[in-house]
Every structure is written in structure tokens, then in C-alpha cells.
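In: Have a look; sequence and predicted model below, questions after that.
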Amino acid sequence: MACVQRSWAVRSSSPSTRATTATPLRVSSHVVSVPSARRALPPTPKPALFRVAPSSSKGSWLTARSTPTESAAPISTGAPLGTYPSGPNVQHVDFMVIGSGIAGLSYALKVADYGTVAVVTKDTASEGCTVYAQGGVCAVLDQTDSVQDHVKDTMVAGAFLNDPKAVEVVCKEGPARVLELVQMGASFTLNQDGSLHLTKEGGHSSRRIVHAADMTGKEIERALLAAAHAHPNIHFQEHHLVVDLVVDKHAGMPHCFGADVLDQRSLTMTRIVALSTMLACGGAGQVFPNTTNPHVATGDGIAMAYRAQADVSNMEFVQFHPTALYDTTNTGRTFLITEAVRGEGGVLLNLAGERFMAKYDPERMELAPRDVVARSIHTELILRGEPHVLLDISHKPREEVLHHFPNIALKCAELGLDITRDPIPVTPAQHYTCGGVVTGLLGETSVQGLYACGEVACSGLHGANRLASNSLLEGLVFADRAAGPSVAHAEHAIRSCAEQLRAAAAGAGSAGAACQLGAAPAAWAAAARKELRDSMWRNCGIVRHRQGLKAAHAHAVEVGGQAKAALAKHGVCTPLVELLNLATVAEITVACALQRRESRGGHFCVDYPHPVDSECRPSLVTLRPAASGRIPGVGAGAGGLGNLATLSSMASVPHSGVLASYASSTAAGLGSGGQPQQVLNGYPRSFEAMPGNNATPAPPSIKGKAKKKGGTQQRDLSVRSSLDKAEHQPWQPSCTACLGLSGQHLRGGCKSWRV
């Protein structure tokens, strides 16, 4: 077949980016044309949306932007913002990014051309799940592959609980985002002819995994960090723990205005007041004792968003990677043996040397989706009473194995194993949180000004189980998509939220004082954390039953209450904040699992061992505000650490599957008095009318009537919860035509824009 020349359109977040001469890049069996990194002109950083004038102290004062930028005309605020309170414990930025992995850094680079960016990270900037990703990032880059096949593979792996629109968006836009990494300087493994080497992993019907040997995440993180450190508008705050989001109401809707942050070295609290906030701080792997996630993955973003009354969905779908290294000497993060080992011909054996996958999935064998392989290994271990199984790649050529998997070979060599001759002992371990904070196709959450991207989010891409190597791709695509709306919201906040921004700055310090935890309470926190994790592994692991789930829920509620009491007594510190966040995530995970009366994807319950068509819908847990409707003030930081409502009322809510309808559930007043409301409904993010709308629409069972407006089909939004009846805000773009020119939405200049 003749070589095909393709040109991937790589959309820049900066409207001033100039066209460049295309340099051919060989990708597998055809050539892809991408802009040359050498010839590309660097974008000119634009002035901050807020102009910061230095003062004699560490603080700063901010006034509204008074000079135009290239992206938008000057904005008339109606009333001057005036001077903001400031001091050593207040910082002002345009964009706050919580997390420094692939999602957070990609987003930071996109929005940095429009204002100042603070990247806040709990450890060093390079520490997180991204750097440990081995397999790769998938994209359709071969002429024998197709977007349709990638969509199909993703839907099959997700047990058809995926949001089809999210899947289509990621599969279509993924290739351009991956090639942006190449342009940025990421060095991926190449074939001898200079084309990108594409490997295959479980669940994929074609070779579409771009990788850098078996250290893909490390290489991507290196390239992104280099670009971010070089950008004058991006500033890192390492070893800073985000404690809680700052939330206040505007126009009857909750808005996020930054977060309260603990400097873990100086033990001081700072409030970062931001116009737009991005959650990109990863998942919650540390809620389980056996996990491939690093120590920072304590579910902080999911817990904070839940306390801020953002919707959280599909937390019952925890992906357990089938092949983590079995190492009895390990006390920390479990070392991952990438899926690519099986993709390159590795086979699974029990300790008797028998290849057992034929008993569980004879068609796909070792390349079945991860949930299938993990449960198969789990069953084999239970039946045979063995501690682990074996993964054997020794039948492949030695040079090929060492070339593709140098990092794995080095790690196994430390244990006295030569993977070119010896099988690798493996066992399942928690690997990925498929659920998270509910987001739309532009990364928006149900809290205005709060965006989420990556593992912390539930975009609808993964459904009930993540397809291998889709996670890095998801971070790239939705970081790009969230950039424009974030700029639009920042401009809206300048123009309309002056009072709330002042209050946010004035309320600094109200989140509590930092403390150095003493030896006795520190030992208690460590013991409580271990008991919680053991309970979750025992009762909410690979195979679950309802009795165990109820026990796990009761234990999580108890630990959460104790953590809140300890925080009130001792003050804000990392061990107690993480303990509260882990307990919160454990509660939500079990609550979602108890909602589901079927087994699907990463959730397997022996009481309901089969999929049920009527149950094929996402779970949803939301913390509703008190009956007064008042969201705790910004001084409390999104509800404050002491005001977290638990799911203890779950016992009084019958787990009878789907409620009659979303409308009836809200009419019944569920969740009043500050108690959480749990509803199984259709994907909010697949709602067609307003992709930029943060509101939650009716489920598919309540079919909105299509209405003609301006020649465009729109759906009736009349059926919503009481919190979601606010009109669509004009600053939210509802098209994808000009995300990089968000100012046009404010001035009505975008012909595709509609309200």
C-alpha cells in the first residue's frame, strides 16, 4: 500500500500562534505531518488577567486588568474591583493548578499564555502517578487502525458504561495531542526507519501504544516539566498540600475561588485566591494497601471536590492491575509490570507451570481487559491457595526483551530474577480509579470555576473499566479542552465576582492553624490509616459482597469522624488531612458500590454476579447543602474540615437500584439538612444542548424535548434539581469553534455561540 501523507491539525490554546512549516514524521507505516519544533515561534506571554503590584511585604494587591491583551478586548467590570486584602498568608493568581502530572502540566502550559499560573503539588513536581506509567499513551497513528476501532475497544473494556461522546472526543483528538508531545521534545521509542514504534496491550485490537521503552510516563513528565519551568508565567509550589477549596455563591451557584494550602516544610497556611482552579491531583490508590500508586495518591482532589458539593460518580469501579510484582520485601508502592509484557507475548502460568487463562477467557487469553485478567488471577490464587502467579516472557529473544523492558529487567534483577530466563512473580494490585469528579466535555464540574482533568475526574471515557494506556491520553485531551473555558471563566470572575474575590482574600486564615503532630497522635493516625486500608482491601477489593461493603462503610464513617475530631483538636497537618480524605473517598467508593445491583467492569459483587441491562448507568453521589441553601462561607473553605457530612444516612436509604426519576428524587427532598444525596442517573456530561454548562441534566429516562432556537437543536432543560435551575451563563462557551478566543463569547462575536 502506498505511503499516506496525513496532516494532523494541532490546535493551540494561543490565538497568536503562527503557522509553521511542516516536518514529516514517520509514524508506523505512514507519514504524519506535524509542525516543526525547531521552526515554531514561541508564543508571547500575555499580561496577567489581574495586575499584581508588589508591596513592601510578601503580600500583593490586585486591581482589574486595565490594558488589552491579544486574546480579548478590555473588559468593563461595571464597578471597580478596588484593592484586595493581602498579606503573608494570601496569594493571588489567575489560574491555580492542583497537581503536576500529565493533566496538570498540560493544562498549565495551555493557560499560561493568558495569565499567571500556580502549580501546587504535594511532593516534588515530578512525583505522582504519571512518572510511574510504564506502558504508554495510545493514539490511532497507523493506517491499518481507525478511530472507530479505538472507540469500540474503549467501549468494550468499559462494559458499555462509557459516555460515547467522551470516548469519541478522546479517540478523535488524541493523535494530535500525542504529536504535540513529540513536538515538545518527548523522546519515544522508534523503529529502525525512524517511525514511532507502536506496541499492543490488553483490550486493544491494533497496535496503537506510543511508548518510551517501559518508562513512558517518566519521559512525558520530563518533557512537560522542562516546558513548564521555561514558561515565565508558571510558578511551582512544591511540598504544599491543598487542604480545601474556597467556595462561595454567586448568582445562586457555587463558585470556586482557589484553595487553602499547607506549606509542609514551614508549617504555615496560605490562601491562594484564583480566578479558575484545575483539579489534576490524581486518584485514590492509597485507600488500598496493595497499590501501584505513589504515596501522594490519597484522593485529596475527589474528597475536596465532594466537600465543595461537586458531583462524584462511578467510584465503585476500581481497576486492579493484574500484574504487579510480587515482592515480600516491599513496604511502599507496588512495582508495576506493564501490560505491554503480555502485549509482546508474555503468558500467565500458575505455580504448576500451567497456562490458565484459557479457562477464563479462551478467545482473548492474556490480552483480555484488565478486570477479566485480574479476577482470573484472583480465582486461580483462591482455588490453588498460592500467593502469586507467574508472567513468562523468557521465550522471546533476549535482545528484544531487554530493549522493550529495561526498567522491569533492572527491578527484577534486584530480586535475583533474569526476565530473559526466569518467569516474573505477579499478583493483582490496585492501579486506577475509574470514577471521580463528574466533568463535562470541557473539563467543567458542577461547581463554577472548578475544572477537573485526569484520574481525579470522571469524564465518562473509562466507563466501568479503563482500557490500557487511555489514562495518559485522557489527561492530554481534556487539559486542552478545558483551557478555553477556564480563560472565559477567569474573565467572568473579573467582571462579575468582585465581592466574592474580596471575601475570599479577607477570609484567609479561617481554615485553621497548621501544627506539628506529636508522636502519640501521629502513631494513632498511622494505625487508623492502616486499618482503613486493610478494611477496604478485605471488603471492597477485587471480589465484593454486600455484607462486607456495609462493614467497610461503617468503618470508613468511624475513621472519618475520628479524623475530623483530631483536626479540630490538633490543627491542620498532612497525616490528619490525608486520613480524612482517605476516609471520605472510602465512604464514597462503598456508597457507589452499594448502589449497584449488578457486576460490571471493575465492580464484581457475588450477590449480583452478572451484568443487568437496567443497571447499566453511572452511580452518582453528591453532598447537598443544608436546608438553608447556604454554602459555608469562603472563610470555612468549602465546608471546612469540620463540616464534612458523612454517608451515615446511607442505611436509611433503600438500595433498590434506580430511583423513579431524577425529578422525583429531588422533589422528595433527598439530601436535605446537609446530608448527601445519592442518585443513579444518566451521564450529565453527554447532554447535548450546552457542553459548557455545569448543571446536571435529566437522565435519559426523562427525555427532553428538542426545541428549535436560532436554527440549532437544543433540548429542554426544564427537569433539573433545585441547584441546577440557574440559567446558562453567557461566559461559558457552548461550542468548540473558538475555545482559544474566549473573549468572543463575552462580546457575542462567536457565530457558533448560543445561550
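Out: Received the coordinates, thanks.
In: looking at this, Leu245 is in a helix?
Out: No. Per DSSP: H, G, I helix; E, B strand; the rest coil, Leu245 lies outside any helix segment and is strand.
In: list the contacts for it?
Out: 256, 258-259, 277, 304-305, 307-308, 447, 450, 637-638 (Cβ atoms under 8 Å, 6 or more residues apart in numbering). C-beta coordinates here come from the backbone N, C-alpha and C atoms, glycine included.
In: just for the stretch 1-150 of the chain, where's the confidence low?
Out: Applying pLDDT under 70 to the stretch 1-150 of the chain picks out residues 1-88.
In: and with 90 instead?
Out: Across the stretch 1-150 of the chain, the ranges flagged by pLDDT under 90 are 1-89, 128, 132-135.
In: Dump the contacts of Leu245 into TSV; add distance to Leu109 as well.
Out: Shown next, in TSV, are the contacts of Leu245 (distance: Cβ to Cβ, whole Å):
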residue	distance to Leu109
Cys256	21
Gly258	20
Ala259	21
Thr277	17
Met304	24
Ala305	23
Arg307	29
Ala308	26
Val447	24
Leu450	20
Gly637	28
Ala638	27
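In: Keep only those of those residues that are in strands.
Out: Among the contacts of Leu245, the residues falling in strands (DSSP state E) are 256, 258-259, 277, 450.
In: Now, of those residues, which are buried?
Out: Among the ones in strands among the contacts of Leu245, those classed as buried by 16 or more other Cβ atoms under 10 Å are 256, 258-259, 277, 450.
In: closest to Ala118 among those?
Out: Gly258 (8.9 Å; Cβ to Cβ).
In: And the closest residue to that closest one other than its chain neighbours, how close does it get to Ala228?
Out: Distances taken as Cβ to Cβ, 6 or more residues apart in numbering put Ala274 closest to Gly258, at 3.9 Å, once the chain neighbours are dropped. According to Cβ to Cβ, to the nearest Å, Ala274 and Ala228 sit 17 Å apart.
In: got it, and Val137?
Out: Applying Cβ to Cβ to Val137 and Ala228 gives a distance of 18 Å.
In: Looking at those two, which one has more neighbours?
Out: Between Val137 and Ala228, Val137 has the larger neighbour count (other Cβ atoms under 10 Å), namely 28 against 23.
In: tell me the contacts of the more buried one?
Out: Contacts of Val137 (Cβ under 8 Å, 6+ apart): 178, 181, 209-211, 216, 220, 469, 472-473, 476.
In: now it, which residues is it bridged with?
Out: Assessed by DSSP bridges, Val137 has beta-bridge partners Val210.
In: Ser276 now?
Out: For Ser276, the beta-bridge partners are Phe95 (DSSP bridges).
In: Compute the number of surrounding residues for it.
Out: Neighbours around Ser276, by other Cβ under 10 Å: 33.
In: So it is in contact with Asp94, correct?
Out: Yes. Ser276 lies in contact with Asp94 (Cβ atoms under 8 Å); the separation is 7.3 Å.
In: quick one: Lys530 from Val287, how far?
Out: Lys530 is 12 Å from Val287, by Cβ to Cβ.
In: hey, what's in contact with both of Ser276 and Asp94?
Out: Common neighbours of Ser276 and Asp94 (Cβ under 8 Å, 6+ apart) are 111, 490.
In: Extract the CA atoms of stretch 539-557 and return them as PDB.
Out: Output of stretch 539-557 as PDB, limited to C-alpha atoms (Å, rounded to 0.1, in the frame of the first residue of the first chain):
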ATOM      1  CA  ASN A 539     -14.300  -5.800  51.900                       C
ATOM      2  CA  CYS A 540     -14.100  -3.700  48.700                       C
ATOM      3  CA  GLY A 541     -11.400  -5.400  46.700                       C
ATOM      4  CA  ILE A 542     -11.400  -7.500  43.600                       C
ATOM      5  CA  VAL A 543     -14.400  -9.600  44.700                       C
ATOM      6  CA  ARG A 544     -17.000  -8.000  46.900                       C
ATOM      7  CA  HIS A 545     -20.200  -8.900  48.800                       C
ATOM      8  CA  ARG A 546     -22.800  -6.600  50.200                       C
ATOM      9  CA  GLN A 547     -22.200  -7.600  53.800                       C
ATOM     10  CA  GLY A 548     -18.600  -6.700  53.500                       C
ATOM     11  CA  LEU A 549     -19.300  -3.400  51.800                       C
ATOM     12  CA  LYS A 550     -21.600  -2.400  54.700                       C
ATOM     13  CA  ALA A 551     -18.800  -3.200  57.100                       C
ATOM     14  CA  ALA A 552     -16.400  -1.200  55.100                       C
ATOM     15  CA  HIS A 553     -18.800   1.700  55.000                       C
ATOM     16  CA  ALA A 554     -19.300   1.700  58.800                       C
ATOM     17  CA  HIS A 555     -15.600   1.600  59.400                       C
ATOM     18  CA  ALA A 556     -14.900   4.500  56.900                       C
ATOM     19  CA  VAL A 557     -17.600   6.600  58.600                       C
END
